[in-house]
Each structure stands twice: as C-alpha cells, then as structure tokens.
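Student: Sequence and computational prediction follow.
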Amino acid sequence: MSIASQRTLLANSSKGEHVRIVEVSPRDGLQNEKGLIPASTKVELIHKLRKAGAECIESGSFVSPKWVPQMKDTAEILRTMRPDSTISHPVLVPNDKGLDLLLKLLEEYGSDKSAWPTDEIALFTAASEQFCKANTNCSIQESLQRLEKVSERALNAGLRVRGYISVVAHCPYQGKVKPEASGEIAEQLLQMGCYEVSLGDTVGSASPSEMREVLAKCLQKTSGKNGGDVSKYAAHCHDTMGTGLANVLALVREGVRSVDAAVGGLGGCPYSPGATGNIDTESVVYGLHAEGYETGIDLEEAAKIGQWISDQVGKQNNSSAGRAILARLARQEEEMSAKL
Ligand SMILES: CC(C)(COP(=O)([O-])OP(=O)([O-])OC[C@H]1O[C@@H](n2cnc3c(N)ncnc32)[C@H](O)[C@@H]1OP(=O)([O-])[O-])[C@@H](O)C(=O)NCCC(=O)NCCSC(=O)C[C@@](C)(O)CC(=O)[O-]
C-alpha cells in the first residue's frame, strides 16, 4: 500500500475527532527565560494564540517570585484578558498563598463568572521525591495535602481545577521513575476534583512505551470511582531527546484527547536541569491533522507565532515544522510576486 493510501486509512480511522491543545507557551514556554520579558509581549503572545484558534492558553503562575521571577506579572497579564467563554486561561497555583492572590484579583470582577479573566487553575506535583522538593520545597505527600486544600477552596470559589504530575518517567535527580508512582498520585488528584491530570515527561527523555505504561498504570489505579477514564488524562511532553511527538501520538492512540504544547518549542521547568523545551505546537498540530484529528488551530498562524515569540526572546525557533511551513510560505510569496 502506498504511503498516501496508508495515511488516508489512518485519517479515516480517527474520523476528524477533536484533540484539545493546551497551549503552554506563555507559562511553561517563558518561565525559564532569564531576562525579564515585558508583560506587553506576553499579552501579545496570548492574543495571537487566541486568534490562531487556541482554546486553552496557560497564561501564567501564581508562584513565589523568588522561585520563578518571570511569572511575577501574572495578575497584570490577566487584567488585560477579555473574557471569552470559548477560551480558558488556566494559571498555576502551588499553595494557599497563590490561590489567595488569584481570588483577590477575581474579587475585582464581582461574582459574575462570565466577567472573570480566568476560571481555571492548575495544581502541580511530581512522581519523584527529589524533584518535588526541588520544585516546591516539600515532599510528595506534603504537596498533595497542600493541594487538596487549595483544590477544595478553588472548587468552592467556582474555579475549575487541572492537575499536573511531573517527571512521570525520568527524574533529573533520581533517574528512572516507577510508573506506579504516577498512578497513586493521579488517583489523589482526581479525588480532590481535578477534571484532568496532565502526565509530564518533564525531562523529555521518555519513550512512547514508557509513556503508555504510565498511562496504563494511571488508568488501572483510577479504575474505581473514576472509571479508568482516559478522557481524564493529558499529555505533557518535552522534547529533549526528540521523542516528544512520538510520545504525544502514542498517548493519543491510547485515547488521550488533550495535549500540552508550546509554539516554537519554547520552555522548560527551571528545576529540570538539562531539559529543553516543550514539544512544539506546530509539529503536534501537523502530526495530529495528518493523522485525521482536528485541533481548531491554524497551523500557519501557529508557525508565524512560534517564529515571532522566538525572535522576541532572542532564541532560535526550535520548531522544525514551523520553520518548514514558514519557508514554504516565503517561497509561495516569492512565486506570487514573480507572477505579478
Ligand atoms: C511552592 C513554593 C511557594 C514553596 O516555596 P517556599 O520557599 O517553601 O515557600 P514559603 O511559604 O516559605 O514562602 C517563601 C516566600 O515566597 C512567598 N510565597 C510563597 N508562595 C507564594 C505564592 N504562591 N505567590 C507569591 N509569593 C509566594 C512567601 O510569601 C515568602 O515570601 P517572603 O515572606 O520571604 O517575602 C515555591 O517552591 C514555588 O513557588 N515553587 C514553584 C516553582 C515553579 O513554578 N516551577 C515551575 C512550574 S512546574 C513545571 O514547570 C512543571 C510542569 C507543570 O510544566 C509540568 C512538567 O513539565 O512536568
């Protein structure tokens, strides 16, 4: 069978199903940048992403500015956000203090949720003790106790809550991480009310079979009340060893329909030394569309934004898909002007 007919067959099998892209470039993409990026640039990035069709844009973090100075302007950024019921802008919250700051901001908008600049937070913990300590200064158990309280308060305030588990396969300090650890944590995150748990290959060195194994252990462990429901999981893959897209597609094949990605392949966790950026939105969207899924993202626009934000932060554009699309667009433009 030709490659083209194989592709058509694959595309038909996924029947145009929707995969939600959680665009993490304004948060995960920028948090590790050393030079302070102006809030106006972050706002422009978010607006460009909204125009390109992103339905979920992680827009900042209410974390300690001593730990991650780049995110200290999150309230300022949210204040510029025009509410749109079709787009969510989750922000990371690690503890009560972070939630207090967010709730104080939301008070400015009153009780009408449709006026809020965000109605969603993301909690985060890790599958390895050393990473948890390095990232949040506490043990996994302590972090879950902290997050349970934060989640209860957030849900009572009318916010949606998403959860992250970092280092599900490899830890930069401890090496290989047992997939069972993620299962235990996912169970607790779902029980505390997270609508979805994003499985983080923070280091960016997991293989597709390792990520499948992590998902399988999560589904096994959460097969009671939560029904081992694959719709409660998301993929968050970094691309250090070039396995990011393969990992995303492997999890999508297992039924995952929510994928985190960053334009230009920006990003990385400040407490994951040596890890490079997130898997780039451009290659994820290209790969998913080629496999017959739809994402609602305009691929050419995503490529332009990836180049734009890379220029803004003075980095090379890490998306090879993005660079290829831009080169094709430039060629087409040249051909058009030659014809005139
Ligand atoms: C959790 C803490 C706060 C504990 O840090 P700590 O030092 O133990 O906290 P503390 O309670 O002792 O407070 C220390 C200071 O920070 C302040 N503080 C305390 N909390 C807040 C807050 N929320 N907002 C603003 N300020 C805060 C607090 O008021 C105090 O200020 P001081 O009295 O010294 O002036 C710290 O470790 C922290 O902020 N960690 C966050 C690190 C981070 O943001 N990492 C990156 C995000 S996670 C990630 O990238 C992974 C992910 C999600 O993408 C998935 C993946 O790839 O795996």
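Tutor: Thanks, I have the structure now. Numbers count the residues shown, from 1 in each chain.
Student: Identify the bridge partners of the closest residue to the ligand within the stretch 101-250 of the chain.
Tutor: Residue nearest to the ligand within the stretch 101-250 of the chain (C-beta to the nearest ligand atom): residue 200, separated by 2.7 Å. Using the backbone N, CA and C atoms, a C-beta is placed for each residue, glycine as well. Residues found in beta-bridge contact with residue 200 (criterion: DSSP bridges) are residue 236.
Student: What count of nearby residues applies to it?
Tutor: Residue 200 is surrounded by 30 other residues when neighbours are defined as other C-beta atoms under 10 Å.
Student: go on, residue 149?
Tutor: Neighbouring residues of residue 149 were enumerated by other C-beta under 10 Å; the total is 13.
Student: residues contacting the closest residue to it other than its chain neighbours?
Tutor: With C-beta to C-beta, 6 or more residues apart in numbering as the measure, residue 96 is the residue that lies nearest to residue 149, at 6.6 Å, once sequence neighbours are left out. Applying C-beta atoms under 8 Å, 6 or more residues apart in numbering to residue 96 gives the contacts 146, 149, 150, 153.
Student: and the first one, how many neighbours?
Tutor: Residue 146 has 17 neighbours, counted by other C-beta under 10 Å.
Student: repeat for the third one
Tutor: Around residue 150 sit 23 other residues, with neighbours defined as other C-beta under 10 Å.
Student: got it, and residue 251?
Tutor: Counted with other C-beta under 10 Å, the burial measure for residue 251 works out to 25 neighbours.
Student: Same check on the one 4 residues further on?
Tutor: With neighbours defined by other C-beta under 10 Å, the count for residue 255 comes to 12.
Student: quick one: it is in a strand?
Tutor: No - counting by DSSP: H, G, I helix; E, B strand; the rest coil, residue 255 is located in no strand; its state is coil.
Student: Could you measure from the nearest residue to it once chain neighbours are set aside over to residue 297?
Tutor: Taking C-beta to C-beta, 6+ apart, and ignoring the residues beside it in sequence, residue 255 has residue 230 as its nearest neighbour in space, at 3.7 Å. Relative to residue 297, residue 230 is positioned 22 Å away (criterion: C-beta to C-beta, to the nearest Å).
Student: Which one's more surrounded, those two?
Tutor: A direct count of neighbours by other C-beta under 10 Å for residue 230 and residue 297 places residue 297 higher, at 25 against 14.
Student: Three-state assignment for that one, please.
Tutor: Reduced to three states by three-state DSSP, residue 297 is coil.
Student: Kindly report the same for the one 5 residues further on.
Tutor: The three-state assignment at residue 302 reads helix, by three-state DSSP.
Student: my guess is it meets residue 282, correct?
Tutor: Yes - between residue 302 and residue 282 there is a contact at 5.2 Å, judged by C-beta atoms under 8 Å.
Student: shared neighbours of the two, anything?
Tutor: 263, 322.
Student: Give me every residue in the chain lying close to the ligand.
Tutor: 28, 31, 61-68, 92, 94-95, 97-98, 101, 124, 135-137, 164, 166, 200, 202, 236, 269-271 (C-beta under 6 Å from any ligand atom).
Student: Mind checking which of those residues are buried?
Tutor: Applying 16 or more other C-beta atoms under 10 Å to these, the neighbour count classes 28, 31, 61-64, 68, 92, 94-95, 98, 101, 124, 135-136, 164, 166, 200, 202, 236, 269-271 as buried.
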